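*Asks:* okay, predicted coordinates and the sequence, questions at the end:
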Amino acid sequence: MLDFVRNKQKSIIIKLAFAIIILSFVIGYAMLSTPGGPQGDEQSNEAAVVNGQPISYNDFQSTYGNLYQLYQNIYRDQFTPDLEKQLKLAEKSINSLIDQVLLRGEAERLQIDVNGKELVDSIAGIQAFQENGVFNKERYLQVLAYQRMSSDEFEALQRNELIINKVRDAIQAGVSVSEADVEEEFRNNNEKINLNFVSLAPAAFEKKVEVTDEALQTFFQEQQETFRVPEMVSLRYLQFEPQRYLDEVTFEDGELEKYYRRHLDQFEILERIKASHILVKLDDNMDQETRDKKRALAEKLLAEARAGKDFAELARANSDDKESAAKGGSLGYFTRGSMVKPFEDAAFSLKPGEISDIVETPFGYHIIKVEEYTEPGVRSLEDAMDEVKEGLRTEKAKQLAFEKAMDAYNINRKTGDLEAAAQANDLGLKETGPFARDGYIDGIGRNQEIINIALMMEENTLAKPVITDNGVILFGLKERIPSHIPEFADVKDMVTAAYRAVESTKLAQAAAEEMVADMETGSSLAKLAKKGGLKLEETGDFTRTYSPFVPRIGTSKELSAAAFELAPDQKAFDRYFEVQNRFVVAEVKERIPADLTQLDDAKRAELHKSILSRRQNEAVEKRLAELRETATIVISPRVQDIINKEK
């Protein structure tokens, strides 16, 4: 798709598409500023009600979708369901919409509004509506039409956004920053500290834990709920695999064309070339004289290639790209976006048989020869017929498997008779072992839909078929095992491991407390570490800006803050710190005060701007917190349910 955009970027349609993409972010932001949205008068389908004003569920979905897309673009492949849950997108979305309602109420209280000129100027300044830097009404209407939005609706969104911005400006107006504030910020950012520390991990104390049957029994009785076995179920099921029904699939010619058109992206031909190159490598530390010699060599090789000398032989003998040199310089086929830009631009500008001028990239000097060129496009139905037939056959086999499973379900749903369904469909009846809500299903895998249904099923009933990667599953309940406390003998090993973990943690904590007490009487951490056979480490210099992270120790807001709160004459901390399941005892090794002579005018201006921005944001957050205190806010049950699932 990116190659398609690159190749067609001069067309007016693609220009318009880019404008629409840009506008989608503009409208997305505006939706955050306007809980009512273009359909704000609708009272039904509410996500929340703030001081009597409803927020529609559609606006909640739009806001959630915009945030989802934003974070997906930021994190790309790392945007996993777990990360999505950690980001709490639903909570962020509804809170953002609530804040907008509160700020609009504040605008009414402050009698803040937007006049016509302000609205016109703001819309004219949106790049998506401009041609050559100037607002174009036709473009404006075209882009809005693609967004299925009227100009009145968009102008209402924009007006609300401007009002919200004015309210923010009014709240932030009284914020100021003094020179003393700037100097304090500089000190906070540049004062450094280095800590000595000892880590006491519970694992190091496990061998000291005394384990007796009596202690384990007592521990088990006190911690029974820890070892509770969750409710579990097992299933009997039939697996309708699509490949069983491939021979039963039939289709007409018209269906082939429909499938082809629905899946055009699968038959796209990317623009590509087949090329070879000769590389004269450059290193970053080369002096100019050496670089000139390398350039002269590249020019000599280019002259020889253009004079008719065999390009492959020249590459084998001279190219510094040893991998391609062994193949006569061949790079094979590649598409746009595969190579560094200078190389790509030169290669795609050549016709088959042509040799480039010398092309410089971060790797060195290249001489490129293009052998073949493939134009972008889409394979015809005739060319792709075999793949289309196979794809349609596979698709219809999946549909047929589902239909057969649904037939079996409808015929046997009242009796729950899987044996009869198995016999009628010539399938073997399969069984799973017990599994819990967060478990893995034997033979099926981790399928949350099946797990959720199974845990609510009654005996002698069938669940509607579920489509999985391995076919369609028709299933019934085999056995339900209620949640229960197991017998001690059955979980003795688990109890022993848990007991050791708890007791070793107590021992590590007691050792940390003892070290802190010894340091208060004048003992040095170095001596105490040596006495206890522990490793004395140091963090290295760090500043407040690291907070809550402490080098070589980990994340500890408590320790990070305490390090800079100690009086100048204090060295040891009067307590230990629990960091990532271990106990840390620390002392100050060195303090390095901030050097105010380095605070020049440029740094003062930069810090002033940073502090002002932070305080302005804090002022808005503080006012919003005050407004929330007195507001009546009701979040709908289904939105609250989504939020709860993020916890």
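*Replies:* Good, I have the coordinates.
*Asks:* what's near enough to touch the residue nearest in space to the middle of the chain?
*Replies:* Geometric centre of the chain, nearest residue: residue 79, 2.4 Å, by C-alpha atoms, centre = their mean. Contacts for residue 79 were tallied using C-beta atoms under 8 Å, 6 or more residues apart in numbering; they are 71, 72. From N, CA and C alone the C-beta is placed, and that goes for glycine too.
*Asks:* same check on residue 520?
*Replies:* Applying C-beta under 8 Å, 6+ apart to residue 520 gives the contacts 572, 574.
*Asks:* so what's residue 544 closest to, chain neighbours aside?
*Replies:* Spatial nearest neighbour of residue 544, chain neighbours left out: residue 188 (4.8 Å); criterion: C-beta to C-beta, 6 or more residues apart in numbering.
*Asks:* which secondary structure elements does the one helix or strand the one you found maps to contact?
*Replies:* Assigned by DSSP states H and E, residue 188 belongs to helix 179-190. Helix 179-190 sits against helix 601-630, with contacts defined as 3 or more C-beta pairs under 8 Å, 6 or more residues apart in numbering; DSSP states H and E.
*Asks:* and the helix it packs on, what does it pack against?
*Replies:* helix 89-110, helix 151-172, helix 179-190.
*Asks:* just the buried positions in the helix or strand that it is followed by, please.
*Replies:* Next helix or strand after helix 601-630 toward the C-terminus (DSSP H and E): strand 633-635. For strand 633-635, burial by neighbour count (16 or more other C-beta atoms under 10 Å) applies to residue 635.
*Asks:* got it, and stretch 193-201?
*Replies:* By neighbour count with 16+ other C-beta under 10 Å, stretch 193-201 contains the buried residues 193, 194, 195, 196, 197, 198, 199, 200.
*Asks:* can you name the residues in contact with that stretch?
*Replies:* By C-beta under 8 Å, 6+ apart, stretch 193-201 touches 508-509, 511-512, 515, 525-526, 528-529, 532, 534-543, 550, 552-553, 563-564, 579, 581-592.
*Asks:* buried among those? Make that a ChimeraX selection.
*Replies:* With 16+ other C-beta under 10 Å as the criterion, this ChimeraX line picks the buried residues out of the contacts of stretch 193-201:
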select :508,509,511,512,515,525,528,529,534,537,539,542,543,550,553,563,564,579,582,583,584,585,586,587,588,589
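*Asks:* sorry, back to before: and the residue nearest to the centre of the chain, how far from residue 63?
*Replies:* For residue 79, the distance to residue 63 (C-beta to C-beta, to the nearest Å) stands at 18 Å.
*Asks:* in the stretch 201-350 of the chain, which spans are helices?
*Replies:* 213-222, 253-262, 288-306, 311-318, 322-325, 341-348 (DSSP state H, counting those that start in this stretch).
*Asks:* out of those helices, nearest to residue 178?
*Replies:* helix 341-348 (48.2 Å; C-beta to C-beta).
*Asks:* elements contacting that closest one?
*Replies:* Secondary-structure packing of helix 341-348 (3+ C-beta pairs under 8 Å, 6+ apart): strand 272-281, strand 359-361, strand 364-374.
*Asks:* deepest-packed of these, please.
*Replies:* Comparing the helices and strands packed on helix 341-348 by mean neighbour count (mean count of other C-beta atoms under 10 Å), strand 272-281 comes out on top with a mean of 22.
*Asks:* neighbouring strands - and their directions - for that one?
*Replies:* Sheet pairing here is set by DSSP bridges, and for strand 272-281 it gives strand 330-335 (antiparallel), strand 364-374 (antiparallel).
*Asks:* distance between it and the chain's centre?
*Replies:* Its chain's C-alpha centre and that of strand 272-281 lie 36 Å apart, by C-alpha atoms, centre = their mean, to the nearest Å.
*Asks:* helix 341-348 and that one, what's the angle between them?
*Replies:* With axes from the mean of the first three to the mean of the last three C-alpha atoms, to 10 degrees applied, the angle from strand 272-281 to helix 341-348 works out at 130 degrees.
*Asks:* quick one: contacts of strand 272-281?
*Replies:* By C-beta under 8 Å, 6+ apart, the residues outside strand 272-281 that reach it are 294-295, 297-298, 301, 305, 311-312, 314-315, 318-321, 324, 328-335, 343, 347-348, 350, 363-374.
*Asks:* repeat for stretch 455-469
*Replies:* 231, 233, 240, 398, 402, 405-406, 408-409, 412-413, 415-416, 418, 437, 444-445, 447, 449-450, 453-454, 472-477, 480.
*Asks:* nearest to residue 504, out of the strands paired with strand 272-281?
*Replies:* strand 330-335 (57.1 Å).
*Asks:* average model confidence for the closest one?
*Replies:* Averaging pLDDT along strand 330-335 yields 94.
*Asks:* got the buried residues for that strand?
*Replies:* Buried residues in strand 330-335, counted by 16+ other C-beta under 10 Å: 330, 331, 334, 335.
*Asks:* what do you get for stretch 62-69?
*Replies:* Within stretch 62-69, the residues that count as buried by 16+ other C-beta under 10 Å are 62, 63, 64, 66, 67, 68.
*Asks:* before we move on, back to that, among the helices and strands packed on helix 341-348, which comes closest to residue 72?
*Replies:* Closest of these to residue 72 is strand 272-281, at 28.1 Å (criterion: C-beta to C-beta).
*Asks:* any idea how far apart the tips of stretch 235-245 sit?
*Replies:* Terminal residues of stretch 235-245 lie 25 Å apart, using C-alpha to C-alpha, to the nearest Å.
*Asks:* give me the contacts around it.
*Replies:* Contact partners of stretch 235-245, identified using C-beta under 8 Å, 6+ apart, comprise 394, 397-398, 400-402, 404-405, 408, 418, 421-422, 425, 427, 429-432, 441, 443-444, 450, 454, 465, 470-478.
*Asks:* swap the cut-off to 6 Å and go again
*Replies:* 397-398, 400-401, 404-405, 418, 422, 427, 430-432, 454, 471-476, 478 (C-beta atoms under 6 Å, 6 or more residues apart in numbering).
*Asks:* only alpha carbons, please: show stretch 100-110 as CSV.
*Replies:* Provided in CSV are the C-alpha atoms of stretch 100-110 (Å, rounded to 0.1, in the frame of the first residue of the first chain):
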residue,chain,number,x,y,z
GLN,A,100,-14.5,18.4,28.2
VAL,A,101,-18.0,18.7,29.5
LEU,A,102,-16.6,20.2,32.8
LEU,A,103,-14.5,22.7,30.8
ARG,A,104,-17.5,23.7,28.6
GLY,A,105,-19.4,24.3,31.8
GLU,A,106,-16.6,26.5,33.1
ALA,A,107,-16.7,28.4,29.8
GLU,A,108,-20.4,29.2,30.4
ARG,A,109,-19.5,30.4,34.0
LEU,A,110,-16.7,32.6,32.7
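*Asks:* closest to residue 54 among the buried residues of stretch 193-201?
*Replies:* residue 193 (52.4 Å).
*Asks:* distance of that closest one from residue 547?
*Replies:* Distance from residue 193 to residue 547, by C-beta to C-beta: 12 Å.
*Asks:* quick one: low-confidence ranges for this structure?
*Replies:* Under the criterion pLDDT under 70, the flagged ranges of the chain are 1-44, 146.
*Asks:* can I get the strands paired with strand 272-281 in JSON lines including distance to residue 380?
*Replies:* Formatted as JSON lines, the strands paired with strand 272-281 follow (distance: least, C-beta to C-beta, whole Å):
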{"stretch": "strand 330-335", "distance to residue 380": "20"}
{"stretch": "strand 364-374", "distance to residue 380": "15"}
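*Asks:* picking that back up, quick one: the helices and strands packed on helix 341-348 as a markdown table, columns for distance to residue 618 too.
*Replies:* Shown next, in a markdown table, are the helices and strands packed on helix 341-348 (distance: least, C-beta to C-beta, whole Å):
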| stretch | distance to residue 618 |
| --- | --- |
| strand 272-281 | 53 |
| strand 359-361 | 47 |
| strand 364-374 | 52 |
